[in-house]
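J.: this is a predicted model, with the sequence first.
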Amino acid sequence: MLAANRRSLAGWLVVVATAAAAALLFWPSAFASEGEQELADSFAVESYAQNCSRCHGLDGQGGEVPTDGRPVPSLRNNDDLTVPYLDLVLLTGRMPPAGDPFDNRERHVFYDDAERQAMVEWMADEFDIPGEVPEVDEGEVSRGLEVFARNCAHCHGNAGAGGTAGRQAWTPQVNNLPGIAVAEAIRVGPFEMPAFSAEVIPDEDVDAVVAYLEAVDEERGTPFLGLVELNPVFASGFVGLLSLALLGSLVYIGSRPVRLEDLIDEGSQPEAGVTPASGRRGNTDDPDHDDSADPDQHDQHDEEPRP
């Protein structure tokens, strides 16, 4: 009986020792994680105050652009603002803006991945912004080509090089964006772009579009001379420059003086003393007439005999 109690006590001691070792193993990482979260929150608070509050307000209530008075949306109680939208504007460098906040063209990205994650998590918690960053799975490239051609190519180009969508709306290049940014843009519809619901473009089709654009980015040039799709705006400028160069060449060629000798072959030049209007001198009716004879001999034949 005593031996059995000892074995039972030894078993409990093993369990307690294992639990203690596990606690010692995980507690430092838990403290480290908590410390990292505090640092991330501290960074987000300071960065928001420096880069965002000037327009959106310290408490996220919105306001006006200081330079021109245009309205700035509120970050609180805004039905149009979600976590994917917030992550997208930070991921693509739309916010904080380097210049015009309403300029839709590609720009420098201000935050790296860790900083952006800290900003999104803190702002979502601080301003009660709903949603979460989507996940992108592996997609089918051929399916992505079909979906992109049907829904996206008319504005962004067949290969995602960007362009215009009418009414001076600039559509950015999308074949160089991270897959998360493409997935977020499809769902939230930033700026002038329409939002596509899961009923219109299912999640698997979103994954396929991402796969297609990644394939285009990896094989951007064609096998022959490495040709790529030009942005329609850049293509129009290229055609304009080519037209100006051609017109300038024609003007230069047309302004050069042209000599008669440059237009007449050497074998068809007229002889000395003969003008095209009066014809050749001498008796041209005689088929045996020698045009190379001395002109003085012609004069002697033409004179009448003297008595």
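T.: The structure has been received and is ready for your questions. Computed from a prediction, not measured in an experiment: that's the story for all the values here.

J.: can we go C-alpha only for contacts and neighbour counts from here?
T.: Fine.

J.: where does the prediction get shaky in this structure?
T.: Residues of the chain that meet the criterion pLDDT under 70 lie in 1-33, 98-106, 164-169, 220-238, 257-307.

J.: quick one, helices of it?
T.: Remark: helices assigned in the chain by DSSP state H are 2-51, 53-56, 83-91, 113-126, 141-151, 153-156, 179-188, 203-218, 232-255, 260-263, 295-302.

J.: list the buried ones in the second one?
T.: Along helix 53-56, the positions that meet the burial threshold by neighbour count (16 or more other C-alpha atoms under 10 Å) are Ser53, Cys55, His56.

J.: contacts for that helix?
T.: Asp59, Gly60, Gly62, Gly63, Glu64, Val65, Pro66, Val72, Pro73, Ser74, Leu75 (C-alpha atoms under 8 Å, 6 or more residues apart in numbering).

J.: contacts only, for the fifth one.
T.: What it means is Glu64. Cys55, His56, Arg70, Pro71, Val72.

J.: likewise the fourth one?
T.: Listed by C-alpha under 8 Å, 6+ apart, the contact set of Gly63 reads Cys55, His56, Gly57, Pro71, Val72, Pro73, Ser74.

J.: mind listing which of these are in strands?
T.: Among those, DSSP state E puts Pro71, Val72 in strands.

J.: which of the contacts of Gly63 sits closest to Val210?
T.: Pro73 (29.5 Å; C-alpha to C-alpha).

J.: tally of neighbours for that closest one?
T.: Number of residues near Pro73 (other C-alpha atoms under 10 Å) recorded here: 16.

J.: and it, its phi and psi?
T.: phi -70, psi 150 (degrees, to the nearest 10).

J.: not counting its neighbours along the chain, what's nearest it?
T.: Leaving aside its sequence neighbours, Pro73 sits nearest to Gly62 (C-alpha to C-alpha, 6 or more residues apart in numbering; 5.0 Å).

J.: show the contacting residues for the one you found.
T.: Contacts of Gly62 (C-alpha under 8 Å, 6+ apart): Cys55, His56, Pro71, Val72, Pro73, Ser74, Leu75.

J.: quick check: nearest residue in space to the last one, chain neighbours excluded?
T.: Pointing back at Leu75 there. Nearest residue to Leu75 in three dimensions, chain neighbours excluded: Gly60, at 4.9 Å (C-alpha to C-alpha, 6+ apart).

J.: how close does that neighbour get to Asp112?
T.: Distance of Gly60 to Asp112, given as C-alpha to C-alpha, to the nearest Å: 23 Å.

J.: more crowded one of those two?
T.: Applying other C-alpha under 10 Å to Gly60 and Asp112 shows that Gly60 carries more neighbours, namely 19 against 10.

J.: one step back: dump the contacts of Gly63 to a markdown table, plus distance to Glu34.
T.: What follows is the contacts of Gly63, written out as a markdown table (distance: C-alpha to C-alpha, whole Å):
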| residue | distance to Glu34 |
| --- | --- |
| Cys55 | 31 |
| His56 | 29 |
| Gly57 | 28 |
| Pro71 | 38 |
| Val72 | 34 |
| Pro73 | 33 |
| Ser74 | 30 |
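
J.: mind picking the two most distant members of the contacts of Gly63?
T.: Gly57 and Pro71 (11.9 Å).

J.: which of the two has more residues huddled nearby?
T.: Neighbours per residue (other C-alpha under 10 Å) separate Gly57 from Pro71, with Gly57 holding more: 17 against 13.
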